Every structure is written in C-alpha cells, then in structure tokens.
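Colleague: Provided below for reference: sequence and predicted model.
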Amino acid sequence: MKLVKQYVEKDKSGYVTLVPEEFEDMWHVYNLIQKHDQLRAVTIRRIQSESSTGSVDSQRIRLTLTISIDTVDFDTQVGMLRISGRVIVENPHVKLGTFHTIDLEMNRSFTLLKPEWDVIALERVQEACDITKKADVAAIVCQEGLANVCLVTSSMTIIRQHLDSPVPRKRKGSVTNYEKGMKRFFEQIYQAILRHIDFDIVKCVILGSPGFVREQLYDFIFAEAVRTDNKTIMQNRSKFILVHTSTGHKQALQEVMNDPAIKIKLADTKAAQEVQALDQFHEMLSMDPDRAFYGYKDVCKAAERGAIGTLLVTDELFRAAEVAKRRQYVALVEEARASGAKVFVFSSLHVSGEDLNRLTGVAAILTFPLPDVLEDEEEEKEVVEDAAMDEDGMPPMHSNQNHEVFDAVLG
C-alpha cells in the first residue's frame, strides 16, 4: 500500500490518502473502513440529461464523489471492495443525499476521512504501508487428488488455487490408471506453483500432506524443472520444506505452522509468532487455567490488575458496527500495552484467527494467577441461580422440564 498523504488533528479526526497496490492491501482497507466514515474517490455513474427538445440522453461519466459510508462488502476471492453510502459533498452531476456505490480498485487512490483515528486504525495504516510485510511464505497442502496452493502473508492466508483432480484407485495387479491420475494431479500443482509463487519474495515453500504424497510431489516438481530447464525452481530447491499434515484441506495449515522445523524457519514472521502465542495460551489453559483467561469480561478484569503478559485479539472485533464496542477493545489494547503486555492482533483470515474467534475472539496469558476472578464469577453465578428460585423454593425449570410438566397436565 502506498501512503500518499496523512493528516490527523489533535482530536484524532483526520484523513489518509492511500493507493492499494496488491490483493492484501484491499483486506487492510476493509479493516480500516467503519460505518459513518467518509470516502472520497473517483467513480463511474450513469447520468441522464434532457435536451431542449425533451429527449433524454444517458451516459456513463467519471467523477469524484464523497459519500458517508453505510455498508462495505469485501469479496475475498477476487479482492473487490464495494462501498455504499449517500453523497455528502455537492457535485454538478449528483444531488446531495443520493445513494451511490463506489468500487475500490487496486492502483487507484482514495481518501478516507474519520471522526476518530484510534491506535488500531493508525497501526493498520502503518502495517499496510510497510514494504517488508509481504507474502513471505507459500504453502501447498495436499492429499491424493486434492490440493490447496496458498500464500501466507502477515495479515491473511490467501488460497490462490484449489485443485480437485480425481485419481483412480489402485487395482490389484495394475496401478497404471492410478499413476496416470497422480501425474496429471502433480502437473496441475506444478503449473499452479509457476503461476502463483514469486521466488524473489517467498522465504520458503511448504509441501504438506498425509502419507508420502509430499515426497512424491517434491520429486515430480524437480524432475519437471530439470526436464523443462526451469532454472528458477532448481535454484530455489533449498526453500522447499516437507511437513506431515493429516489432510490436504486449508485447516491443515495450522499443523504446518506448528511444526518445529517451520517455526525455526519462520521465527521472524508475524503469522508464526501469532501461532506460537496461541499455542502458549492453549498450553497455559490446560496446565494453569488461573493464568489463561478468555472472553471480554474476564480479560478486562485481568487488564485492570495489570496482570496481562500477552493479549490475543482478532481484527474482527475492531470491525464491530457499534462504535462503542470497537472503542472497548481499543481501550483494552491500550490498557494492556500500558502495563507492558505484548499484543497480537490476529487476522480472521488466518487459521489461527479462526481458532481464536472460537474462543470469543479475545484471550490473555497472565503474568500471575488470578484465581479470585474465577471464584467471583462462580459466586455471581450462584447468586443469579438463587435469585431465580421461585416462591415455593423450587429451582427454575429448564425448557425440557417445562415440557414434561405440560405433558403431565395435558395428560
């Protein structure tokens, strides 16, 4: 992403002018934009005009519009952003208050105006414009007849190509059809590598699979490179790493990132650091649950006591439609950092981010245990249950108990 201009007032209002240059930049823009922000960009609109004779002429013209943002749609497959809202700056061709949709495209500048640029939004701009944070890992997870060719960046996992090529089963006494099917499958993967992997950028290419598929694929790739005299593939042989996975589906990338050999190779990448932090949280949750909290309420209590050593939060929480909810999580991040905590903002387009979202999207590893917080929670739960007792001293019935009573009465 190219930063053309940035201006933020002391009250945190201001604007940035950006030029998205690649697919991942569109994901950053999607995370920057909030409802009621203002967007100024060049767009196309069909304009109708009436001549002196009364005839109506319609033509598409290019013009610059400023809209107050109402909805944002992001297609992760093609990297397209469609942003809709009402026109708020007068234009000779479009009336104020008119509804319009702007399609944001790569290599075209736009200006985003916000009433408040909080620390998360400013960090997103900084990260997006840092040329060192690019797609530095390629991964091919596969099994017989199924493969996903992926690029892992600091912000997202992009499936560049999904391959599904039926492979005939091995038959007793003959494996000819099976071998032909596997060769055809490997050829498709090889072509996908040539199309989607830039060896000048990636640090390594991970081949992951169950069984021996990865070894067979590795041998095929370099045999084909020799046959076709592909010097780029041959010169980058050292970048290929073979890893065991249980399947060839995207979820197997989590297993890949957990492999010790991969962790060493990718120690300085953001994605690997996030995976390691999430692993440490799960381990702490198992071994010492008083030092592993998740859920906004409990994590906030830990932050208030300065107990957070590592805070894990997904970017999805900062895309909340309610401004107040976003501010809650921004404040939590700032409070944790103020007490010296390390903060990881996980991308919901990474497998690790999906995993964290299943744990409410926010979790923390504490520097010291807080058993009283969990005890207080249990006491609060008991108080609520006691208050729910009915006048006869009977505990409240769950829905299935109510059905049993109704059945007895009706019976």
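Modeller: In hand now; what should we look at? These numbers come from a predicted model, not from an experiment. Numbers count the residues shown, from 1 in each chain.

Colleague: Can you pull the domain assignment for this protein?
Modeller: What automatic domain parsing lists as the domains of the chain is 2-45+61-128, 137-265, 270-369, 374-410.

Colleague: Buried deepest among the ones you listed, which one?
Modeller: domain 270-369 (a mean of 19; mean count of other CB atoms under 10 Å). Any C-beta I mention is one placed from the backbone N, CA and C, and that applies to glycine too.

Colleague: Might you quantify the distance of that domain from its chain's geometric centre?
Modeller: Between the centre of domain 270-369 and the centre of its chain there are 15 Å (CA atoms, centre = their mean, to the nearest Å).

Colleague: Quick one: end-to-end length of that domain, please.
Modeller: Distance across domain 270-369, first residue to last, is 27 Å (CA to CA, to the nearest Å).

Colleague: Then stretch 110-121?
Modeller: 16 Å.

Colleague: contacting residues around it?
Modeller: By CB atoms under 8 Å, 6 or more residues apart in numbering, the residues outside stretch 110-121 that reach it are 8, 11-18, 29, 32-34, 36-41, 102, 104, 318, 326-327, 329-330, 333-334, 345.

Colleague: and the domains of the chain as CSV, adding mean pLDDT?
Modeller: CSV is the format used below for these (pLDDT from 0 to 100):
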stretch, mean pLDDT
domain 2-45+61-128, 92
domain 137-265, 89
domain 270-369, 92
domain 374-410, 48
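
Colleague: other SSEs contacting the helix ranked longest in the chain?
Modeller: Longest helix in the chain by number of residues (criterion: DSSP state H): helix 176-196. Packing partners of helix 176-196 (3 or more CB pairs under 8 Å, 6 or more residues apart in numbering; DSSP states H and E): strand 137-143, strand 146-152, strand 157-164, helix 213-227.

Colleague: okay, that helix in PDB with CA atoms only?
Modeller: This file holds the C-alpha atoms of helix 176-196, laid out as PDB (Å, rounded to 0.1, in the frame of the first residue of the first chain):
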ATOM      1  CA  THR A 176      -1.400 -47.700 -14.400                       C
ATOM      2  CA  ASN A 177      -4.600 -45.600 -14.200                       C
ATOM      3  CA  TYR A 178      -3.600 -44.600 -10.600                       C
ATOM      4  CA  GLU A 179      -0.100 -43.400 -11.700                       C
ATOM      5  CA  LYS A 180      -1.600 -41.500 -14.700                       C
ATOM      6  CA  GLY A 181      -4.100 -39.800 -12.400                       C
ATOM      7  CA  MET A 182      -1.300 -38.800  -9.900                       C
ATOM      8  CA  LYS A 183       0.900 -37.500 -12.700                       C
ATOM      9  CA  ARG A 184      -1.900 -35.400 -14.000                       C
ATOM     10  CA  PHE A 185      -2.600 -34.100 -10.500                       C
ATOM     11  CA  PHE A 186       1.000 -33.200  -9.900                       C
ATOM     12  CA  GLU A 187       1.200 -31.400 -13.200                       C
ATOM     13  CA  GLN A 188      -1.700 -29.200 -12.200                       C
ATOM     14  CA  ILE A 189       0.100 -28.300  -8.900                       C
ATOM     15  CA  TYR A 190       3.400 -27.600 -10.700                       C
ATOM     16  CA  GLN A 191       1.600 -25.200 -13.100                       C
ATOM     17  CA  ALA A 192      -0.100 -23.500 -10.100                       C
ATOM     18  CA  ILE A 193       3.400 -23.000  -8.500                       C
ATOM     19  CA  LEU A 194       4.700 -21.300 -11.600                       C
ATOM     20  CA  ARG A 195       1.600 -19.000 -11.700                       C
ATOM     21  CA  HIS A 196       1.300 -18.000  -8.100                       C
END
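
Colleague: Next, the angle from that helix to strand 146-152.
Modeller: If you take axes from the mean of the first three to the mean of the last three CA atoms, to 10 degrees, helix 176-196 sits at 20 degrees to strand 146-152.

Colleague: Just checking: what are the partner strands of whichever helix or strand comes after helix 176-196?
Modeller: With elements assigned by DSSP states H and E, the helix or strand that comes after helix 176-196 is strand 204-209. Sheet pairing of strand 204-209 (DSSP bridges) gives strand 137-143 (parallel), strand 240-244 (parallel).

Colleague: Generate TSV for these, with distance to Tyr294 as supplementary columns.
Modeller: Shown next, in TSV, are these (distance: least, CB to CB, whole Å):
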stretch	distance to Tyr294
strand 137-143	27
strand 240-244	29
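
Colleague: who wins for proximity to Thr367 among the ones you listed?
Modeller: strand 137-143 (30.9 Å; CB to CB).

Colleague: which strands and helices sit next to the strand ranked longest in the chain?
Modeller: Ranked by residue count, the top strand of the chain under DSSP state E comes out as strand 56-75. Counting contacts by 3+ CB pairs under 8 Å, 6+ apart, strand 56-75 is packed against helix 23-32, strand 38-50, strand 80-87, strand 99-104.

Colleague: change it to 6 Å
Modeller: Packing partners of strand 56-75 (3 or more CB pairs under 6 Å, 6 or more residues apart in numbering; DSSP states H and E): strand 38-50, strand 80-87.
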